[in-house]
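> Build me a model from this:
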Amino acid sequence: MERLAKTLSALDNTFGVSGEEEAVAAQIKKELEGFYDSCREDALGNIILTQNARGGNKKIALAAHMDEIGFIVRYIDDNGQLLIAPVGYHDDRMLINQDVEIKTKDGMIEGVTGYKPAHMLKGDEGEKVIPFDSIYVDVGTLTRAETEKLGVRIGDYGHYQRTGKFINGGKIYTGKSVDNRVGCTVICEVMRRAKEAGIKNELTLIGTVQEEVGARGAGVAGFSVKPDVAIVVDVTIAGGASGLELSECCIELGKGPAIKYYDWDMGSTMGNNVSKKMTRAFEAVAEKNNIEFQREVLINGGTDGWTLATSGSGVLTGIISVPQRYMHTAVGTVHIDDLEGAVDLILKYIQSID
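Below you'll find the predicted structure:
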């Protein structure tokens, strides 16, 4: 559990907005030193680490996306402030009054997001959500020249600046990119325990890129790796707190990982009718080993399972979800026991087919 917690903290506190995931890939390699036999990176930036190459009867892929939501600089005004565009899906209500960081060619630059003070709002302005394209990033300068001297350029990526932590020393962790460094943490730990347990089948960890902008990396990686079986690990929306009724979302924090049966983002073609071969196998393994689990059907969301399952000539793909509160905010919150349960369930499933 301690190793799991340290990995979660290390990965969550790494910069990795969609399109610039290199630092997360490097951290995964560091976390898994001694636990893989080969490593490569494809043209999109997916990282692929393999253990027991050509061993056993099955090629099993463990996939989780490395990227987090963020923003990209689209303009620098004469006062030195930045206008930004979203990278990934944002709730505009969450962006105002945040500490942020921008990754420039010269390093990280700090900033804050701001808008008019309440004293200066007119008419019904105070009753409206401030749109993303009206929010400025202030980097502590007064002119465009000063901002450019800091190294900031149009096209630089940024994210929320927040150090993740376990709240009050308990089991609940909150951070700016638990979506989906949680999944990365789980598959890293599965790789470690699989090697320690002497698993014979070939295991390949795939850290995917650009999931938050359309699950772009997973399909490319699936076509390249061509696994017999794939397991995608991601977070899912937890209900039962903060105004979200269980009837809207029946997954709860601290009640174990969820086996996903179906998801669909109605605003796009993203979605997955998860193979019954996988859901039934996960259920059987969980019940045999007394692993607590939940059953998930998610509307208005999707995962890498969509493009991975449909890559190449098709891949038998299952999806395990870790419950998360406050999705797509700077304060995403998860329970470490749910991560441990996900690791246990996936490892036991792999052992069942070894």
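
> Where do the strands of the stretch 251-354 of the chain begin and end?
For the stretch 251-354 of the chain, strands defined by DSSP state E, counting those that start in this stretch occupy the ranges 258-264, 271-273, 294-299, 316-324, 332-335.

> now the residue of the chain positioned farthest from its centre, what's its secondary structure?
Here the chain reaches farthest from its C-alpha mean at G123, the gap being 39.6 Å by C-alpha atoms, centre = their mean. Under DSSP: H, G, I helix; E, B strand; the rest coil, G123 falls in the coil class.

> can you tell me how far it sits from Y115?
15 Å (C-beta to C-beta, to the nearest Å). (Each C-beta comes from the backbone N, C-alpha and C, glycine too.)

> can you check G318 too?
44 Å.

> just V137 next, same as before
11 Å.

> higher neighbour count, the two?
The neighbour comparison of V137 against Y115 (other C-beta atoms under 10 Å) goes to V137, with 24 against 15.

> tell me the pLDDT at the spatially most central residue of the chain?
The residue lying closest to the centre of the chain (C-alpha atoms, centre = their mean) is N180, at 1.6 Å. Per-residue pLDDT puts N180 at 95.

> Okay, and it sits in which element?
helix 178-197 (DSSP states H and E).

> For that helix, list every residue counted as buried.
Neighbour-count burial for helix 178-197 flags 178-195 (criterion: 16 or more other C-beta atoms under 10 Å).

> With respect to L246, which of the strands of the stretch 251-354 of the chain lies nearest?
L246 sits nearest to strand 294-299 of all the strands of the stretch 251-354 of the chain, at 11.1 Å, using C-beta to C-beta.

> Partner strands of the closest one and their direction?
Strand 294-299 has its sheet partners listed here by DSSP bridges as strand 258-264 (parallel).

> Chain neighbours aside, what residue packs nearest to G239?
C249 (3.4 Å; C-beta to C-beta, 6 or more residues apart in numbering).

> The chain: helices as residue ranges?
2-12, 22-31, 144-149, 178-197, 216-225, 276-288, 305-309, 336-352 (DSSP state H).

> orientation of the first one relative to helix 178-197 in degrees?
Between the axis of helix 2-12 and that of helix 178-197 there is an angle of 140 degrees, by axes from the mean of the first three to the mean of the last three C-alpha atoms, to 10 degrees.

> Fine by me, thanks again.
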